[in-house]
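>>> give the three-dimensional model of this entry:
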Amino acid sequence: MNYIVDGKKQWIQHCSGLNRGGHKVNTDVLIIGGGVVGTAIARELSHYKLNIVLVEKKADVACGTSKANSGIIHAGYNADTATLKGWLNVKSNPLFDDICEKLNVPFKRIGSLVVGFNKNDLKIIKEKEYNGKSMGLEGTKIIKGKTLFKMEPALNKKARYALYAPTAGIISPYELTIAFADNAVINGVKIMLNTELRDLIQEGAYLKGVKTNRGIIKARVVINAAGVFADEIAKMAKDKIKIRARKGEYFLYDKGYGDLANHILFPVPADNSKGILVTPTVHNNLLIGPNSYYSDDKKDLSTSRNGLKEVLKGARRLLPKLPADNIITSFSGLRATAESEDFIIGYSENIKGLINVAGIQSPGLSSVPAIAKKVKELLIDYIQREPLGLSIEENNDFQEGLSEYPHYYNYKDKKNEWEKLVEKNRDYGEVICRCESVSKGEIIDAIHRPVKARTVDAIKRRTRAGMGRCQGGFCGPRVVELIASELNISPLEVSKKGNSSNILVVKSKGLIKNLEKDEKKGQVKGA
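Residues are numbered from 1 along each chain as shown. Below is the predicted model of the structure:
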């Protein structure tokens, strides 16, 4: 039976005796990290009859870099032909149409433009074009003059050249991550949330399992896909991997501003970054950013006044008429940067049974399908040559896709079909989030997906309730109420993102009664 451990009560029920010296959790493959890389690997490995567990220390999947990036599927011309990330990007790009169709994830191939302003920029653009063609990319070409401004009317009139890559696209990275996770669970993977790795368990040359904040998990193979924290897990195996967190800040414009750009717009890239870009999102917002600088704190997701000024200034170099208002939110994300600036995917140098998947920065999202397939190949190779007692047998019951979870924004041009849904279930006719037109039915669906949405932010990522202009000001209380009702818990237990981020502290009536009691006792004056 599939199970999802997302709270202390469920963990104890499943692992009875865990803290009394009883039998530990046993699995064939343990994946560490619930980002887009970890969940994609989980789905890929579920093609086989293996006992697979994924652990994530947060209260939901997609809580790290996978929820805070540019949401771009790169064409593949940027990374050098000698790099792993370059080839994996090129292999992955054509796979997204099929994956997103099967998993009902929004994806659009709108193409990208690398915009140049002078002869030096043109030189770099030509290098990128040559690099792309060396990797087998088709359709990339240099454009200029009237053609360029016909494609992008609002583009800076000083622009002279651009490298056009028609295969680039935009995607919702957190929706992709959630879909990978849901599909993995349907195919037998177990996902344990709120479960943080503390140490590795080694016997001789072999890795035998891990210690977590909730107990021990025995595993024959452990896959380290922990993002910016992957080096800390690698250090437990004495592997010499160093990851630095590179921060990038963003502005997000209100819906409707996505029409200001028709393509993903890049400046000519710098040595450490593709530069501050401008792109529509799949939901018709406009996203600008990121800047790029190292952060010593891997938990710091703050934004800065100067950083956001830099983002707006950089974006205006491409679109000079970008307004400073109608920005509905700002945020930052951290990229896991290895010293080599390339992906690190391979066996541990010191412990048999550990596979490191580290340094997955841009174009990490664009390379995810091929990363998952490469890890699968490593796992199969290891199982076939080591005495693990495992065999590789295909899961003939594997389900490629997910059932559709209706979203009103997908039915705007099919209102008759939406009305039929409302006739069957009136919850789809009750609007909870006005900004994004999210119904009660959609929120209830999200709460009961294979990976349950137990927090306000988890609901937001699955339905967009709270992502609009008011940022949850109107719908927030109703979302809390629905989570509590559907999960049969107190509203006081509902949190924004888990980890003691509770929305409510105390019932107001109870607070008033307590104040009245204290006043009578003389403990409160002037109440």
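>>> and the strands in the stretch 151-300 of the chain?
Secondary structure of the stretch 151-300 of the chain (DSSP state E, counting those that start in this stretch): strands located at 161-165, 169-171, 190-192, 197-203, 206-212, 215-224, 243-253, 264-267, 277-280, 286-289, 293-295.
>>> please apply the same query to the stretch 1-150 of the chain.
Going by DSSP E, counting those that start in this stretch, the stretch 1-150 of the chain shows strands at 4-5, 25-32, 52-55, 72-73, 107-108, 112-116, 141-144.
>>> what pairs with the fifth one, and is each one parallel or antiparallel?
So that's strand 107-108. strand 169-171 (antiparallel) (DSSP bridges).
>>> out of the strands of the stretch 151-300 of the chain, flag the one nearest Ile31.
strand 215-224 (4.7 Å; Cβ to Cβ). Every C-beta, even on glycine, is put in place using the N, C-alpha and C of the backbone.
>>> what helices or strands is the closest one leaning on?
Judged by 3 or more Cβ pairs under 8 Å, 6 or more residues apart in numbering; DSSP states H and E, strand 215-224 is in contact with strand 25-32, strand 52-55, strand 197-203, strand 206-212, helix 230-236, strand 354-358, helix 364-385.
>>> shaky segments in the protein?
1-23, 271-273, 509-527 (pLDDT under 70).
>>> ok, Glu56 - contacts?
33-34, 38, 63, 191-195 (Cβ atoms under 8 Å, 6 or more residues apart in numbering).
>>> and with 6 Å instead?
Residues near Glu56 by Cβ atoms under 6 Å, 6 or more residues apart in numbering: 34, 193.
>>> where does the closest residue to Lys507 other than its chain neighbours land in three-state SS?
Nearest residue to Lys507, sequence neighbours excluded (Cβ to Cβ, 6 or more residues apart in numbering): Leu492, at 7.4 Å. Classification of Leu492 by DSSP: H, G, I helix; E, B strand; the rest coil places it in helix.
>>> surely Leu492 touches Leu504?
Yes: using Cβ atoms under 6 Å, Leu492 makes contact with Leu504 at a distance of 5.1 Å.
>>> give me the number of residues near Glu341?
14 (other Cβ atoms under 10 Å).
>>> wait, is it part of a strand?
No: in this structure, Glu341 is coil, not part of a strand, as judged by three-state DSSP.
>>> phi, psi of it?
Here is the backbone geometry of Glu341 (degrees, to the nearest 10): phi 60, psi 10.
>>> what segments of the stretch 351-500 of the chain are strands?
Here the stretch 351-500 of the chain has its strands, by DSSP E, counting those that start in this stretch, at 354-358, 431-433, 438-439.
>>> what about the spatially most central residue of the chain, distance to Ala40?
Closest residue to the average C-alpha location of the chain: Ser66 at 2.1 Å, with Cα atoms, centre = their mean. Using Cβ to Cβ, to the nearest Å, Ser66 is found at 10 Å from Ala40.
>>> again with Asp457
Taking Cβ to Cβ, one finds Asp457 at 21 Å from Ala40.
>>> what does Ile178 give?
Counting by Cβ to Cβ, the gap from Ile178 to Ala40 is 12 Å.
>>> do Asn69 as well
15 Å.
>>> and if you look at Arg246?
In terms of Cβ to Cβ, Arg246 sits 22 Å off from Ala40.
>>> compare the two and say which is more crowded by neighbours.
Ala40 (30 against 21).
>>> against Gly466, how distant is that one?
26 Å.
>>> equivalent analysis for Asp300, please.
23 Å.
>>> on that earlier part again, quick one: which of the strands of the stretch 1-150 of the chain is nearest Pro323?
Among those, strand 112-116 sits nearest to Pro323 (Cβ to Cβ), with 19.9 Å.
>>> so what strands line up beside that closest one?
Under the rule (DSSP bridges), strand 112-116 has strand 161-165 (antiparallel), strand 264-267 (parallel) as partners.
>>> list the buried residues in stretch 278-297.
Using 16 or more other Cβ atoms under 10 Å as the test for burial, stretch 278-297 gives 278-283, 285-292, 295.
>>> circling back: make CSV from the strands of the stretch 351-500 of the chain and add distance to Val222 and mean neighbour count to it.
Shown next, in CSV, are these (distance: least, Cβ to Cβ, whole Å; neighbours: other Cβ atoms under 10 Å):
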stretch, distance to Val222, mean neighbour count
strand 354-358, 5, 25
strand 431-433, 40, 23
strand 438-439, 38, 26
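>>> make a markdown table from those strands and add distance to Gly498 to it.
Converted to a markdown table, the strands of the stretch 351-500 of the chain look like this (distance: least, Cβ to Cβ, whole Å):
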| stretch | distance to Gly498 |
| --- | --- |
| strand 354-358 | 24 |
| strand 431-433 | 21 |
| strand 438-439 | 21 |
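>>> residue contacts, the residue nearest to the centre of the chain?
35-36, 173-174, 177.
>>> for the residues you listed, which one is nearest Val228?
Gly35 (9.8 Å).
>>> correct me, but the closest one touches Gly227?
Yes: look at Gly35 against Gly227 with Cβ under 6 Å: they come within range, at 5.4 Å.
>>> which residues do these two both contact?
Gly64.
>>> returning to that earlier point: give me whichever of the strands of the stretch 151-300 of the chain is most buried.
Most buried of the strands of the stretch 151-300 of the chain, by mean neighbour count (mean count of other Cβ atoms under 10 Å): strand 286-289, with a mean of 27.
>>> against which helices or strands is that one packed?
strand 243-253, helix 305-318 (3 or more Cβ pairs under 6 Å, 6 or more residues apart in numbering; DSSP states H and E).
>>> alright, that wraps it up for me.
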